[in-house]
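J.: Let's see this in three dimensions:
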Amino acid sequence: MQEVEASPSQQTLSGFIRQHLPVLEDRLYNGIRQEVIVGELSAKGFATTVPVFRVLLSRARARAALRPRRPSRGTADFARPEPMSEGTSTASPKPRNPLSRSSGFEYDSKIDPKDLI
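T.: Down below sits the predicted model:
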């Protein structure tokens, strides 16, 4: 009997997609078609179809969205917030929502009677 040729690291396709999700996302963003990526996966030993790839990609995206992001080694200093000094408030006033409904007619008492007819 012949042995089925497995991937070099005995990894599942789901695990491979999760591990290489940033690279796959970048390639898809830059216009590489999903059919091309599926062909490359087949060349690496992962036999799949485009619909299966789409499902696994969707699951990997959902799983990545649930996980808290770890800062990479090079950006650890930038990700750390600076300590606040006493009396410094970072809260800014909440901007008015232009799409909110007004409470009705807003009377402006600063109208000059000469401007009226």
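J.: The nearest residue to residue 19 once chain neighbours are set aside sits in which helix or strand?
T.: With Cβ to Cβ, 6 or more residues apart in numbering as the criterion, residue 19 has its nearest non-adjacent residue at 7.6 Å, and that residue is residue 11. Where C-beta positions appear, they are placed from N, C-alpha and C, glycine not excepted. Element membership for residue 11, per DSSP states H and E: none, as it lies in no helix or strand.
J.: who's in contact with residue 17?
T.: Contact analysis of residue 17 by Cβ atoms under 8 Å, 6 or more residues apart in numbering lists 24, 53, 56, 57, 60.
J.: can you do 6 Å?
T.: Applying Cβ atoms under 6 Å, 6 or more residues apart in numbering, one finds that residue 17 lies in contact with 56, 60.
J.: any idea how far it is from residue 92?
T.: Note on residue 17: its distance to residue 92, by Cβ to Cβ, to the nearest Å, is 41 Å.
J.: just the helices in the protein please.
T.: Here the chain has its helices, by DSSP state H, at 13-19, 21-29, 34-43, 50-66, 76-79.
J.: okay, now the residue nearest to residue 19: neighbour count?
T.: With neighbours defined by other Cβ atoms under 10 Å, the count for residue 11 comes to 16.
J.: Use 47 as the first number for this chain going forward.
T.: That works, and once the first residue is 47, the last one we named lands at residue 57.
J.: Which phi and psi values does it adopt?
T.: Note on residue 57: backbone dihedrals following degrees, to the nearest 10 are phi -100, psi 150.
J.: and the gap between it and residue 112?
T.: 21 Å.
J.: now swap in residue 91 and tell me
T.: When distance is defined by Cβ to Cβ, residue 91 is 29 Å away from residue 112.
J.: Looking at these two, which is more packed in?
T.: Under the neighbour definition other Cβ under 10 Å, residue 91 and residue 112 were set side by side, and residue 91 has more, 15 against 6.
J.: Where does pLDDT dip in the chain?
T.: Counting by pLDDT under 70, the ranges of the chain that qualify are 47-55, 115-137, 144, 147-155, 163.
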